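Undergrad: Kindly generate the corresponding structure for this input.
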Amino acid sequence: DTDAATSYKPLTFNTTATTTDWQLEGDTIITSNPRELNFLACATSDPNFFSLYLQYGNDQPAGASCTMQTLHLPCLC
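TA: As a prediction, this is how the structure comes out:
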């Protein structure tokens with residue numbers, strides 16, 4: 001959701017793609033326009049699930065326990 005007012009953009013998994021800017025850099029998942037590889041994983045009320053955001057800056061959801069992450073594919077050997 002590139003319209004979000006914060007530097008973290010929520011990721012959604014839909015049946016129809018809304019962007020095709022995804023690429024790989026080695027095994028690291030990035031966006032290509034602009035190039036970004038930082039994601040923000042934030043705890044939810046369910047300990048088995050996290051909210052995932054693409055991070056373009058330093059904002060974080062208020063009150064959430066979050067950590068900066070990169071996303072990787074398993075070995076492509």
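
Undergrad: Check the offset of stretch 30-37 from the chain's centre.
TA: Counting by Cα atoms, centre = their mean, to the nearest Å, stretch 30-37 is centred 11 Å from the centre of its parent chain.

Undergrad: no wait, stretch 46-61
TA: So, by Cα atoms, centre = their mean, the centroid of stretch 46-61 is 7 Å from its chain's centroid.

Undergrad: Give me the distance between the two termini of that stretch.
TA: Distance between the two ends of stretch 46-61: 17 Å, counting by Cα to Cα, to the nearest Å.

Undergrad: I'd like to know the average pLDDT value across that stretch.
TA: Averaged over stretch 46-61, pLDDT sits at 91.

Undergrad: now what about it, what contacts it?
TA: 6-11, 31, 34, 36, 38-44, 64, 66, 68 (Cβ atoms under 8 Å, 6 or more residues apart in numbering). C-beta here means a position set from N, CA and C on the backbone, and glycine is covered the same way.

Undergrad: among the residues you listed, which ones are buried?
TA: Buried by 16 or more other Cβ atoms under 10 Å: 8, 9, 31, 38, 39, 40, 41, 42, 66, out of those.

Undergrad: show me the contacts for the residue lying closest to the last one once chain neighbours are set aside.
TA: Spatially, and ignoring its direct neighbours in sequence, residue 66 is nearest to residue 42 (4.1 Å; Cβ to Cβ, 6 or more residues apart in numbering). Under the criterion of Cβ under 8 Å, 6+ apart, the neighbours of residue 42 are 50, 51, 52, 53, 60, 61, 64, 65, 66.
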